[in-house]
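Colleague: sharing a model prediction with you, sequence too.
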Amino acid sequence: MQTPNFEIPTEMRDFAEKSVDQARTAVGTLMGNALKAAEQVQTSGVSLQSSMQAAVAKGFDHAQTNANATFDFAQKLVRTKDLREAFELQSEFVRSQIAAMQAQAKDLGAIAQNAAR
């Protein structure tokens, strides 16, 4: 018994070869784009993490500064001799804290702007 000899037409082989080449190119392009996207995400993540660390560190610095100012105020307050002196000290403390909070908000705003870039 003889097996029939079946030949694949040349056009069909050429078409199949071109299809495989196109698929290979498409997958290569897809993988390249996915790698670029992953690198961008990683870079963005590192940048965001760095910005967050800076914001947290700055927040702790501000909290420490505010706590120290409050303790200094309390220490001065207990040393006042009369109510008038205590009110003057209170007014001075409130003015200085408002100025400090404005400067601190500006610092944190600058960090947020840098993170957004």
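Modeller: That came through fine.
Colleague: which stretches of the chain have low pLDDT?
Modeller: 1-4 (pLDDT under 70).
Colleague: just the helices in it please.
Modeller: 10-78, 83-116 (DSSP state H).
Colleague: mean neighbour count for those helices - can I get that in TSV?
Modeller: C-beta here means a position set from N, CA and C on the backbone, and glycine is covered the same way. Shown next, in TSV, are these (neighbours: other C-beta atoms under 10 Å):
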stretch	mean neighbour count
helix 10-78	11
helix 83-116	12
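Colleague: tell me how many other residues crowd the spatially closest residue to residue 86 that is not a sequence neighbour.
Modeller: Ranked by C-beta to C-beta, 6 or more residues apart in numbering and with sequence neighbours excluded, the top spatial neighbour of residue 86 is residue 80, at 4.4 Å. With neighbours defined by other C-beta atoms under 10 Å, the count for residue 80 comes to 14.
Colleague: doesn't residue 92 make contact with residue 80?
Modeller: No. Using C-beta atoms under 8 Å, residue 80 is not in contact with residue 92, being 11.7 Å away.
Colleague: phi, psi for the residue nearest to residue 86 please.
Modeller: phi -70, psi 150 (degrees, to the nearest 10).
Colleague: OK, contacts around the residue sitting nearest the centre point of the chain?
Modeller: In the chain, the residue lying closest to the centroid (C-alpha atoms, centre = their mean) is residue 48, at 1.9 Å. Residues in contact with residue 48 (C-beta atoms under 8 Å, 6 or more residues apart in numbering) are residue 115.
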